[in-house]
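Asks: okay, sequence plus prediction incoming.
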Amino acid sequence: MKYSLLCLFLVPLIVSCSDESAGIDSDPKTDDPVKTPITKVSPKKGACITTKKDSWSSRVSALNVSWHYSWGVDADIVEPDSVRFVPMIWGKWSLEKNLQKVDSLAKIGKVTQLLGFNEPDGKEQANLTVEESLSYWPKLMELNLPLGSPACIHADNEWMKGFMAQVEEKGYRVDFICVHWYGGANAQSLIDHLKSIYDLYDRPIWLTEFALADWSATSPSTSKVTKAKALAFMQQILPALEKMDFVHRYSWFSADPGNAALGNSALFDNAGKLTPLGEYYSKF
């Protein structure tokens, strides 16, 4: 059964911005957006920012988003006004303790959704087998929160297909699919990918990490992903994501500006100020 846009995963109190109300245009000859005032915030637009640095709150505020996740539980943080925190059970470590924290947050209405494991198919991330993940999954389900799938390195790889096949066979619950995407400057490629993931699993999508990347680059200056290309891509993809009913959330990943593969996609510079790309994301 296809899900409608009125699915309970979206925060209903915030009005989505349309293309016409995006509040920003751009000069095609430069990286700089032409800024205009904006008052509406899309319920889809989020921030994935760790809370390990004191600057996290100001950065979340600067991006003008409706939701934020930090790859953890972070029971004690106070979000900026009008921003909803979404916890993640990153992996199997401290699982029971983290589940208890999420349960406490849910009981006081501080959280209303839950994200599953982070890249369990990656040795440097959660590093879980399909069988391990399935053995822990009922514990996540018991919290009775809308529950996102594990966010695999590739949402259509064999790990994820195997996990979702077992979910169907066992009657487990996965309410939406979490997707990571780090591709080149072709917006249609991402649009087609999201459509294929939706058709594959028949569930709404949260694009929890995405940005342009050149994995062959040795520095930002040698990257095929220039700052101008990143901005042009964002100007195409954000309106498209807003129009796609089955995409319920998205969050641009901002790496360090010196990162060889991802630096030109950064939303913040070394001083913590918004880049032109970050300005566009904030004003959209």
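Replies: All right, it came through fine.
Asks: helices along the stretch 1-150 of the chain, start to end?
Replies: Shown for the stretch 1-150 of the chain, the helices assigned by DSSP state H, counting those that start in this stretch span residues 56-63, 95-107, 130-141.
Asks: before we move on, what about the stretch 151-284 of the chain?
Replies: Going by DSSP H, counting those that start in this stretch, the stretch 151-284 of the chain shows helices at 158-170, 187-201, 227-243, 276-283.
Asks: so what secondary structure elements neighbour the first one?
Replies: Contacts of helix 158-170 with other secondary structure elements, assessed using 3 or more CB pairs under 8 Å, 6 or more residues apart in numbering; DSSP states H and E, are made with helix 130-141. C-beta here means a position set from N, CA and C on the backbone, and glycine is covered the same way.
Asks: could you rerun that using 10 Å?
Replies: helix 130-141, strand 177-183, helix 187-201 (3 or more CB pairs under 10 Å, 6 or more residues apart in numbering; DSSP states H and E).
Asks: go on, the second one?
Replies: Here helix 187-201 touches helix 158-170, strand 177-183, strand 205-212, helix 227-243, strand 247-252, going by 3+ CB pairs under 10 Å, 6+ apart.
Asks: kindly report the same for the longest one.
Replies: Other helices and strands packing on helix 227-243, by 3+ CB pairs under 10 Å, 6+ apart, are strand 24-26, strand 33-35, strand 45-48, helix 187-201, strand 205-212, strand 247-252, helix 276-283.
Asks: which one, of these, ends up nearest to Leu114?
Replies: Nearest of the helices and strands packed on helix 227-243 to Leu114, taken as CB to CB: strand 205-212 at 11.3 Å.
Asks: give the buried residues for that closest one.
Replies: Residues of strand 205-212 classed as buried: Ile205, Trp206, Leu207, Thr208, Glu209, Phe210, Ala211, Leu212 (neighbour count, 16 or more other CB atoms under 10 Å).
Asks: mind putting the residues you listed into TSV with pLDDT and distance to Val78?
Replies: As requested, the buried residues of strand 205-212 are exported to TSV (pLDDT from 0 to 100; distance: CB to CB, whole Å):
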residue	pLDDT	distance to Val78
Ile205	98	29
Trp206	99	23
Leu207	99	26
Thr208	98	22
Glu209	98	24
Phe210	98	27
Ala211	98	27
Leu212	98	32
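Asks: distance to Glu132 for these - can I get that in a markdown table?
Replies: Below are the buried residues of strand 205-212 laid out as a markdown table (distance: CB to CB, whole Å):
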| residue | distance to Glu132 |
| --- | --- |
| Ile205 | 24 |
| Trp206 | 22 |
| Leu207 | 25 |
| Thr208 | 21 |
| Glu209 | 22 |
| Phe210 | 26 |
| Ala211 | 29 |
| Leu212 | 32 |
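Asks: please identify the deepest-packed of the helices of the stretch 151-284 of the chain.
Replies: helix 276-283 (a mean of 22; mean count of other CB atoms under 10 Å).
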